[in-house]
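[1] Here is my input; please provide its structure:
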Amino acid sequence: MAGYGGETRQGVSSSLVDYLYPDGEEPPKPADTVPQLVVPMRVGLAFVPGNQGGDSPGLSEADKIALLEKVRGVFIDQDFIADIVVIPDTYLRSSRGFQGLEQVSRLYDLSVMALVSYDQVATSSDTNAAFLYWTIVGAYTIEGTKNEVRTFVVTAIFDIPSRRLLFRAPGIHVADNTSTLAEASSEVLEARRKSYALAMEDMTTNLLAELDRFRVRIKEDPAVAQ
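    Numbering: from 1, shown residues only. Predicted coordinates for the structure are as follows:
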């Protein structure tokens, strides 16, 4: 959290690169191995562990599972899917890198993993109304704090045996509102929760489109996957 000039900023994130390549490891050059996708496949779905090691404001472990279950519901009826397994990110925290990902894949008998990373910044800034609120009028009458929440999520789909990125899709949501200072904290928390949900909905729509494009690429270029 940082504040200046009446402004407070809170940011949380999870980094796919930091998870897959911990301790400053350099990502290797793309392998020449062509992914061999055996269908129907079992797919793992999980959030990348966050930079705080636990729950993020507005995104508890229960919230994460609920959001992933919604994504699962959209894709579970695809003809090439045998099952989609929602995995708590606690399973990913114990061992990082592709080695950790491979351990999880063996545990759940997965061939493909979908990893969701996120980046969210919430900003609260006092307006002129907030100044009037403190000096002239009573507590719960003037709206005085402008809150803005920006959420960005990305889902990356990996073939586990080849460690190849198959495709990825982003989701974005921006929300702003004004509130009384006394209500700002609770309203920002709820705004953050809703922003995650709407960013995930946007990502899911984009992921469906990327899946269709991936199917086309496989037909046109055997080097993409078989």
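[2] Show me which residues of the helix or strand containing residue 207 are buried.
    Assessed by DSSP states H and E, residue 207 sits inside helix 184-220. By neighbour count, with 16 or more other C-beta atoms under 10 Å as the criterion, the buried positions of helix 184-220 are 184, 187-188, 191-193, 195-204, 206-207, 210-211, 218. C-beta: built from backbone N, CA, C; applies to glycine.
[3] again, but for stretch 14-24
    14, 15, 16, 18, 19, 20, 21.
[4] nearest to residue 149, of these?
    For these, the minimum distance to residue 149 (C-beta to C-beta) is 16.6 Å, reached by residue 14.
[5] show me where the protein has helices.
    16-20, 61-75, 90-93, 97-108, 128-135, 184-220 (DSSP state H).
[6] can you give me how far the second one is from the chain middle?
    To tie it back to what came earlier, the one meant is helix 61-75. 11 Å (C-alpha atoms, centre = their mean, to the nearest Å).
[7] And for the first one?
    Average the C-alpha atoms of helix 16-20, do the same for its chain, and the two points are 13 Å apart (C-alpha atoms, centre = their mean).
[8] Give me the helix or strand of the protein that scores worst on average pLDDT.
    Sorting the helices and strands of the chain by mean pLDDT, DSSP states H and E puts strand 2-4 at the bottom, at a mean of 46.
[9] so where's this protein uncertain?
    Along the chain, the model assigns pLDDT under 70 to residues 1-9, 25-32, 51-58, 126-145, 178-184, 221, 223-226.
[10] can we see that at 80?
    Where the chain drops to pLDDT under 80, the residues are 1-11, 23-39, 51-58, 123-147, 176-188, 218, 220-226.
[11] And for the closest residue to residue 86 other than its chain neighbours, the neighbour number?
    Nearest residue to residue 86 in three dimensions, chain neighbours excluded: residue 68, at 4.6 Å (C-beta to C-beta, 6 or more residues apart in numbering). Using other C-beta atoms under 10 Å, residue 68 has 22 other residues around it.
[12] re the thing from before, residue 39 is nearest to which of the helices of the chain?
    helix 184-220 (11.2 Å).
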